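**Q** below is the sequence, then the predicted model.
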Amino acid sequence: KNMKPLPPGSFGLPLVGQTLSLLRALRANAGDDWLGRWFATYGPVTRLSYFGCPTAILAGAPGNKFIFSSASVAPKVPASMAMMVGRRTIRDMAGDEHRRVRAMMVQFLRPDACKRHVAGVDAEVRRHLGDQWHGKATVAVMPAMKDLTFDVMCTVLFRLGRDSSKSEATRSELATEFQQLVKGITVIPLNLPFTSFSKCLAASRRGRRAVAGIIHERRIKLETGQSSAADDVVTHMIAEGLPDAEIIDNVVLLMIAAHDTTAALLTFLIRHLDANREAYDKVVHEQEEIARCKEPDEPLSWEDLSKMRYTWAAALETLRLVPPVFSVLRKTTADIEFGGYHIPKGWQLIQTMSTTQMDAAIFPEPGRFVPERFEDTSAMPPFCFIPFGGGPHVCPGNEFARVETLVAVHYIVTRFKWKLASGCDGSYVGFPLPYPSQGLLVDIEPRHHQTN
Ligand code: HEM
């Protein structure tokens, strides 16, 4: 009787709702304009229909705080994602179960583990630049960064060595299948012969079989005393007694979460440094100072990374301007009230990173690339800069992403100069992940350090 009204807005046409119009805007990199118009019409708490579900979109820091920390809100896994990745990932779990499986991943992602990963990341980055940048005149940055982050993840987190042709084959099989299955997450889940979704499902089945093969090998090694639970995340999950089907789902999730996001960060950092010479000079200066104290083949150390303060500030500013994850999707697990409105149980909830990250009241001149904003973040209001999400499901890989980004930037800026190739305008689509036109083609030239 005393129920508050539903949020203002419109569900649009049956089934279609606002899905096509919002997706079209997102793909054309006009999602912010679309949402800006929507919020201007209906206010910061509003309803619409997205992928056939009643949905509330919340704008601003209070909305972010509510979505990330309310006990009556849980992650929503879209049907296409569940079909590609599986239904027993940590995105589908809550409470103790979520904490338990998440802890198995965090064991390999928290700062003390990342400290141990630095040398492995360093070797993989050098190897990549040696293979894909040295001797080249032009590089497509995004594909190169995707390869790099995929390989770093395989080597460092999953210990897929490069010591045998079998493990090289497993890596390349996983890389091929994952390229395809990731596409299936954002298409309409229509499983009919010859649809792109059905091809993605087939890739998912093959990718899952490859992961099952890795589990099989790791179990034998564990049982015969050739390995220990501390060696890698798969062996750890086996030792913790997680059922194989759940290991597969969570490994697939981890592989997806771990590589494209960091590749997008690296790509757009390179693009912004090209366009902002003052920031570029400061990054080069910081990295040259570190390189000067090292022997040519000496890997970077954890202490070196802690000196890369300006470079990390530039990376954070890149995440503010071009968040790899455009928005976070949740669902209500009970009837809730927010901002004077009633949001029923089972509705989807969406927040979008850019409503606060591009708000001039929080980040003056929000369109400008100003890394200095992140040199001291003590005055930054909470729940305004949220590229890694928030609450119990906040990204556990942020420290790993920091290590990867700083090591890669170190070797890129100390070994190469770059500028956009002629004909590449630096434009990009914003969804499902920010992806630059032509993969961001840059012309490169070697600087002075040229060892591998
Ligand atoms: C710049 C790089 C990255 C960005 C921007 C990013 C962003 C995000 C975001 C927005 C979420 C959802 C958080 C939420 O629901 O509140 C997430 C979740 C997640 N990320 Fe990342 N991520 C990055 C890198 C990584 C890396 C390197 C890994 C692993 C090595 C990783 C593993 C995960 C996992 C496992 C989850 C699910 C956590 C859960 O549901 O408990 N991410 N990430």
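**A** Yep, that arrived. Keep in mind it's a predicted model, so treat the numbers as computed, not measured.
**Q** and the closest residue to Glu337 other than its chain neighbours, what element?
**A** In this structure, Glu337 finds its nearest non-sequential neighbour in Lys4, 5.7 Å apart by CB to CB, 6 or more residues apart in numbering. Quick note: C-beta positions are derived from backbone N, CA and C, even for glycine. Under the assignment given by DSSP states H and E, Lys4 is not contained in any helix or strand.
**Q** which residues touch Lys4?
**A** Each residue near Lys4 by CB atoms under 8 Å, 6 or more residues apart in numbering is listed here: Glu337, Gly340, Tyr341, His342.
**Q** reformat the residues you listed as JSON lines; add distance to the ligand, neighbour count and pLDDT.
**A** Formatted as JSON lines, the contacts of Lys4 follow (distance: CB to the nearest ligand atom, whole Å; neighbours: other CB atoms under 10 Å; pLDDT from 0 to 100):
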{"residue": "Glu337", "distance to the ligand": "22", "neighbour count": "11", "pLDDT": "95"}
{"residue": "Gly340", "distance to the ligand": "25", "neighbour count": "10", "pLDDT": "95"}
{"residue": "Tyr341", "distance to the ligand": "22", "neighbour count": "20", "pLDDT": "97"}
{"residue": "His342", "distance to the ligand": "24", "neighbour count": "16", "pLDDT": "97"}
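**Q** residue contacts, the residue nearest to Met145 when sequence neighbours are not counted?
**A** Using CB to CB, 6+ apart and skipping residues adjacent in sequence, the residue nearest Met145 is Ala263, 3.9 Å away. By CB under 8 Å, 6+ apart, the residues touching Ala263 are Met142, Met145, Lys146, Leu148, Thr149.
**Q** select from these the one having the most neighbours.
**A** Met145 (30 neighbours; other CB atoms under 10 Å).
**Q** quick one: low-confidence ranges for the protein?
**A** Applying pLDDT under 70 to the chain picks out residues 1, 449-452.
**Q** did I read that right, Val328 in a strand?
**A** Yes - assessed with DSSP: H, G, I helix; E, B strand; the rest coil, Val328 lies in a strand.
**Q** now it: how far from Ala229?
**A** To Ala229, Val328 is 31 Å away according to CB to CB, to the nearest Å.
**Q** how about Met380?
**A** When Met380 is compared with Ala229 (using CB to CB), they lie 39 Å apart.
**Q** likewise Arg91?
**A** Taking CB to CB, one finds Arg91 at 24 Å from Ala229.
**Q** ok, these two, which is more surrounded?
**A** Arg91 (22 against 15).
**Q** check contacts around the more buried one.
**A** Arg91 neighbours (CB under 8 Å, 6+ apart): Pro75, Val77, Met81, Leu253, His393.
**Q** helix or strand right after the strand or helix carrying Glu303?
**A** In this structure, Glu303 is located in helix 302-306 according to DSSP H and E. With elements assigned by DSSP H and E, the helix or strand that comes after helix 302-306 is helix 309-321.
**Q** could you tell me which residues of this structure lie near the ligand?
**A** Within the chain, the positions near the ligand by CB under 6 Å from any ligand atom are 68, 75, 90-91, 102, 105, 109, 253-254, 257-258, 261-262, 265, 324-325, 328, 387-391, 393-397, 400-401.
**Q** can I get the buried part of the residues you listed as one ChimeraX selection?
**A** Burial among the residues of the chain next to the ligand is assessed by 16 or more other CB atoms under 10 Å; the matching ChimeraX selection reads:
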select :68,75,90,91,102,105,109,253,254,257,258,261,262,265,324,325,328,387,388,389,390,391,393,395,396,397,400,401
